[in-house]
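# my questions concern the predicted model and sequence given below.
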Amino acid sequence: MSESRPINPEVINRPLVLCGPSGTGKSTLLNALFAAHPGQFGFSVSHTTRTPRPGEENGVAYHFVSKDEFMQRVERGEFLEWAQFGGNCYGTTFAALTALAPKRCILDIELQGVLQLRDKAPLQNPPLSPVFLFLAPPSLPTLKQRLRGRGTETEDSMRKRLDAAKAEIQYAQEGKHDVYIVNDDLKAAGDKLELVAMGWKGWESCGDKLPEMDIKDLD
Ligand SMILES: Nc1ncnc2c1ncn2[C@@H]1O[C@H](COP(=O)(O)OP(=O)(O)OP(=O)(O)O)[C@@H](O)[C@H]1O
């Protein structure tokens, strides 16, 4: 990843939705992409009902809103996707995505969000046409090793992540994503992500075949 060619204008308004089980390497690869192409990509600012942590400024990491305001926005249909985690609500509005222009929007969201976005994106004005990219681990034992090796998870959070991974992989096996990339060799996966994210020639057909994975290996 090093070239300075710009993002293809044909894809710049298509949000790139990065999906994949926790521990597959999404953050690692996105950090490399952002470092190679500073200022060209952005994450949308989500709304949340959780309380800001010390030093968190409203409108930067999140738009902090009350539960009432959040639910009013839900009723007005403002969210492209929203979900509840650990007692708090989190969601992405259409306005938060369009506010990023001329940067290309990257969304790193959970399966629930992907399903909602898929339904709601074409109904927006103007319609949104996200690119759904699935980042796969080379194998499920490797996924477990990476999560353990990162040293950030308790046994309980490992279990939750691996359970969520089962659903993500089952959904990926239905062939619903536009592109699949296997994160085996970091450089090779990074180059493919760059091609897709920049929308350079060949991005639609550069993907990998999804490896055989038996979700029982995540029990
Ligand atoms: N291709 C690779 N080869 C070996 N190790 C890798 C590779 N890609 C990522 N890793 C390592 O795997 C671990 C998980 O990666 P990372 O934290 O980027 O995953 P993630 O998909 O962003 O997870 P989460 O969804 O939980 O944020 C990290 O320790 C990272 O250094």
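Arrived safely. Numbers count the residues shown, from 1 in each chain.

# what strand or helix carries the residue nearest to Leu29 when sequence neighbours are not counted?
Closest residue to Leu29 apart from its sequence neighbours, by Cβ to Cβ, 6 or more residues apart in numbering: Leu193 at 5.2 Å. Using the backbone N, CA and C atoms, a C-beta is placed for each residue, glycine as well. Mapping Leu193 onto the secondary structure by DSSP states H and E places it in helix 186-198.

# ok, then the element right after the longest helix along the chain?
When every helix of the chain is counted residue by residue (DSSP state H), the longest turns out to be helix 155-173. Per DSSP H and E, helix 155-173 leads on to strand 179-182 as the next helix or strand towards the C-terminus.

# packing partners of that next one?
If you count contacts as 3 or more Cβ pairs under 8 Å, 6 or more residues apart in numbering; DSSP states H and E, strand 179-182 packs onto strand 131-136, helix 186-198.

# quick revisit: give me the angle between the longest helix of the chain and strand 131-136.
Per axes from the mean of the first three to the mean of the last three Cα atoms, to 10 degrees, the angle that helix 155-173 makes with strand 131-136 is 120 degrees.

# packing partners of helix 155-173?
Packed on helix 155-173, when contacts are counted by 3+ Cβ pairs under 8 Å, 6+ apart, are helix 111-120, strand 131-136, helix 140-150.
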